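Colleague: Next input, structure requested:
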Amino acid sequence: MSDYSVTYVGREKTPVIVFDDFFWSADELKQVAPEEKAFAAAPAGGYPGVRAPLPPLYIKSVLETLEPIMRNVYGFSPGISESGHYGLYSLVSTPERYLSKLQRVPHFDTKLDHYYAVLHYLSDGEHGGTGFFRHIPTGFERINASRYPLFVEAAKRHMDQFGVPESKYVKETNDHFELIHSIPYKQGRMLLYPGNLLHSGLINPSADINSDPTSGRLTANIFINFQ
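Modeller: Coordinates of the predicted model:
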């Protein structure tokens, strides 16, 4: 089993699990990525790029490795079990001038409490990492069902007062979100974190906006729900 570390992020001390060299070779996984023409655009307003399915064997291997670690780190009760998952290769490809409002701010994947995101950095070279954020008006770092209405109201009030965010990727603290932790991009590194933790790719427009899987910011993403 690959070695891992746990970082407790922010005031809420949310565990983020980091494997610095996951046992599945990043080079191997990159080599079996489909050609650029097989990638398709994500739904409008969501992921700012293109995606393609991951190999099922890789997903199965990752889930078998991670589940006991997740149960230990996140303290699952015995009755909780996996209820679904899916996995995708991802490439950032949207120029900043075309970003939707929601693509200009940190996001969360779900309001569910036991939904987790796996992010595996596959490319070599210099690419932007991943940042975790605190919503300054509310102090929230995770957005669950009970917090969601307060979060949406505060976000709307902020935009009404200050205008929509500038059309660029968020990479640092601004007047609405505070960057509380970042994990640099390194080939082979894998992150695991709750999907309701506010996060964003720290995208470098000059190096990361590229739909070519041989040279772009290629990642493997798996989303897992437990209930």
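Colleague: What ranges in the chain fall below the confidence cut-off?
Modeller: Scanning the chain for pLDDT under 70 picks out 1.
Colleague: just the helices in this structure please.
Modeller: Per DSSP state H, the chain carries helices over the ranges 26-31, 56-74, 148-162, 205-208.
Colleague: how about these, which one is nearest T214?
Modeller: Shortest distance between T214 and the helices of the chain, using CB to CB, is found for helix 26-31: 7.9 Å. For the C-beta atoms, the positions are set from N, CA and C on the backbone; glycine is no exception.
Colleague: so what secondary structure elements neighbour the closest one?
Modeller: strand 115-121 (3 or more CB pairs under 8 Å, 6 or more residues apart in numbering; DSSP states H and E).
Colleague: so how far is the strand it packs on from its chain's centroid?
Modeller: The chain centre lies 6 Å from the centre of strand 115-121; the measure is CA atoms, centre = their mean, to the nearest Å.
Colleague: longest strand anywhere in this structure?
Modeller: Using DSSP state E, we find that the single longest strand of the chain is strand 82-92.
Colleague: List the buried residues of that one.
Modeller: By neighbour count on 16 or more other CB atoms under 10 Å, the buried set for strand 82-92 is H85, G87, L88, Y89, S90, L91, V92.
Colleague: how about those residues in JSON lines, adding distance to D21?
Modeller: Shown next, in JSON lines, are the buried residues of strand 82-92 (distance: CB to CB, whole Å):
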{"residue": "H85", "distance to D21": "23"}
{"residue": "G87", "distance to D21": "20"}
{"residue": "L88", "distance to D21": "22"}
{"residue": "Y89", "distance to D21": "20"}
{"residue": "S90", "distance to D21": "20"}
{"residue": "L91", "distance to D21": "22"}
{"residue": "V92", "distance to D21": "23"}
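Colleague: Quick one: residues in contact with stretch 74-85.
Modeller: For stretch 74-85, the surrounding residues in contact (CB atoms under 8 Å, 6 or more residues apart in numbering) are 15, 59, 63, 67, 70, 114, 116, 194, 222-227.
Colleague: Just give me the closest of the residues you listed to G125.
Modeller: Nearest to G125, judged by CB to CB, of the contacts of stretch 74-85 is I222 at 22.8 Å.
Colleague: Around the closest one, how many other residues sit close by?
Modeller: The number of residues packed near I222 is 21, by other CB atoms under 10 Å.
Colleague: list the contacts for it?
Modeller: Contacts of I222 by CB under 8 Å, 6+ apart are L54, I59, V62, L63, H85, Y86, G87, A117, V118, H120.
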